[in-house]
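1. pasted the sequence and its predicted model underneath.
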Amino acid sequence: MGYKVAVVGATGNVGREMLNILAERQFPVDEIAALASRRSLGTEVSFGDTTLKTRNLEQFDFSGWDIALFAIGSDATKDYAPRAAKAGCVVIDNSSLYRYDPDVPLIVPEVNPQAIHGYANKNIIANPNCSTAQMVVALKPLHDRATIRRVVVSTYQSVSGSGKDAIDELWDQTKGMYVPGQEVAPSVYPKQIAFNVIPHIDVFLDDGSTKEEWKMVAETKKIVDPAIKVTATCVRVPVFVGHSEAINIEFEEFLDEDEARDILREAPGIMVVDKREDGGYVTPVECVGDFATFISRIRQDSTIENGLNLWCVSDNLRKGAALNAVQIAELLGREVLKKG
Ligand code: 2RA
């Protein structure tokens, strides 16, 4: 016996990946519902070898359904997640709405699986921001070995993090640079993204950081350890899929680069590709469609007493969103619902 699973926002980038990953990982599904807004009603989406027609979220009754993977914006989530949770369906939400709620667990299964038992507070579990998810997978095994004091991270985030329109804009702007008279003005971003980088993701806060940078700080503290100091600079780059991060770590005690590499090699969810030669590292185009969080360029930071640098790359639609959500569903099934 398996689960009745609903994917809410089934026509978006993340919703489609959720369906793909549920099928790829053969999650024990007895019944699957692809839910979308009225304007997407009837759109066909793939689920493994089958095709589903989207159903109307507004009229959907979550009673009797086990798990709902939400991949819609915070505003719509505010309307529908409580309705699903009240009907007894456990919500795994990819929006930022519940991430910072002390009564809602924020989970990366390789990092804090024990937090799953907090789901019963509101029948809701939060999925972290994509740039946070891959980073905490890398930090956790090193933190367990040498206690992290401070993290300085610069991100290089792909446009798929902003949705389908951003992917189209990068493509059209790039083409427009080569086809005279076909220039495409910025609309998703404040400046041109083709052949450019933009040091601004989400809104600016009073202290001059952006909300994306704040999310990395707040979520790392909630998922790994509130004592860890984090400072982030989040940058949008002209890459379609795959977030990259340059991570500098200061530990409470010295951690040798070779030991760090061995620890990361053994850690769950991580693939180390780290050779000090041409091509001996991972780049975003190589991570697309993969489940792994890739780590390269592991090296001592000799400018501080206990420092380490590393390069972290992962598919932001997978580990950064859909895969992590499905892994939470798998954890929920194993530890709580125990069907299938
Ligand atoms: C981004 N992390 O990359 C944000 C939301 N997915 O745009």
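-> Noted; the coordinates are in hand.
2. distance check, the residue in the chain that the ligand sits nearest to against residue 170.
-> Minimum separation of the chain from the ligand (CB to the nearest ligand atom) falls at residue 161, amounting to 2.1 Å. Every C-beta, even on glycine, is put in place using the N, C-alpha and C of the backbone. As judged by CB to CB, to the nearest Å, residue 161 and residue 170 stand 12 Å apart.
3. residue 265 belongs to a strand?
-> No: counting by DSSP: H, G, I helix; E, B strand; the rest coil, residue 265 falls outside a strand, being helix.
4. quick one: it and residue 272 touch, right?
-> Yes: counting by CB atoms under 8 Å, residue 272 is a contact partner of residue 265 at 4.8 Å.
5. would you mind listing what in the stretch 101-250 of the chain touches the ligand?
-> 129-131, 157, 161-162, 201, 212 (CB under 6 Å from any ligand atom).
6. got phi/psi on residue 132?
-> phi -80, psi -40 (degrees, to the nearest 10).
7. leaving out chain neighbours, which residue sits closest to it?
-> Excluding the flanking residues, the one nearest residue 132 by CB to CB, 6 or more residues apart in numbering is residue 219, at 4.2 Å.
8. contact partners for the one you found?
-> The neighbours of residue 219, taking CB atoms under 8 Å, 6 or more residues apart in numbering as the test, are 99-100, 106, 128-129, 132, 136.
9. likewise for residue 309?
-> Residue 309 neighbours (CB under 8 Å, 6+ apart): 246-249, 297-301.
10. try 10 Å this time
-> By CB atoms under 10 Å, 6 or more residues apart in numbering, the contact list for residue 309 reads 152, 246-249, 257, 297-303.
11. ok so, going back, inside helices: which ones of the residues of the stretch 101-250 of the chain next to the ligand?
-> Using DSSP state H, the subset of these located in helices is 130-131, 212.
12. these into a markdown table, with extra columns for neighbour count and pLDDT?
-> Listed next are those as a markdown table, based on neighbours: other CB atoms under 10 Å; pLDDT from 0 to 100:
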| residue | neighbour count | pLDDT |
| --- | --- | --- |
| 130 | 28 | 96 |
| 131 | 27 | 98 |
| 212 | 24 | 98 |
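13. coming back round to it: shared neighbours of residue 161 and residue 170, anything?
-> 236, 239.
14. ok, for residue 210, nearest residue in space, not its chain neighbours?
-> residue 202 (5.2 Å).
15. so that neighbour touches residue 189, yeah?
-> No: when contacts are counted by CB atoms under 10 Å, residue 202 is not listed as touching residue 189 (11.7 Å).
16. common neighbours of the two, please.
-> residue 162.
17. regarding residue 191, what is its secondary structure?
-> Going by three-state DSSP: residue 191 is coil.
18. so it makes contact with residue 197?
-> Yes: counting by CB under 10 Å, residue 191 touches residue 197, with 9.4 Å between them.
19. re the thing from before, which one of the ones in helices among the residues of the stretch 101-250 of the chain next to the ligand is nearest to residue 72?
-> The shortest approach to residue 72 among these belongs to residue 130, at 15.6 Å (CB to CB).
20. how much space between the closest one and residue 265?
-> 24 Å.
21. now do residue 89
-> Applying CB to CB to residue 89 and residue 265 gives a distance of 39 Å.
22. of these two, which one has the most company?
-> Using other CB atoms under 10 Å as the criterion, residue 89 and residue 265 rank with residue 89 on top: 21 against 14.
23. just want the phi and psi numbers for residue 240.
-> phi -80, psi -50.
24. tell me the contacts of it?
-> Taking CB under 10 Å, 6+ apart, one finds 158-160, 166-167, 170-171, 284-285, 288 in contact with residue 240.
25. where does the residue nearest to residue 132 land on pLDDT?
-> Residue-level confidence at residue 219 comes out at 98, pLDDT.
26. how about the strands in the stretch 151-300 of the chain?
-> 229-236, 243-251, 270-272, 293-301 (DSSP state E, counting those that start in this stretch).
27. leaving out sequence neighbours, find the closest residue to residue 99.
-> Residue 99's closest residue in space is residue 126 (CB to CB, 6+ apart), at 4.4 Å.
28. dig out what that neighbour forms beta bridges with.
-> residue 93, residue 106 (DSSP bridges).
29. near it, how many other residues are there?
-> 28.
30. what number of residues lie near residue 311?
-> 21.
31. wait, doesn't it sit right on residue 282?
-> Yes: Residue 311 lies in contact with residue 282 (CB under 10 Å); the separation is 7.5 Å.
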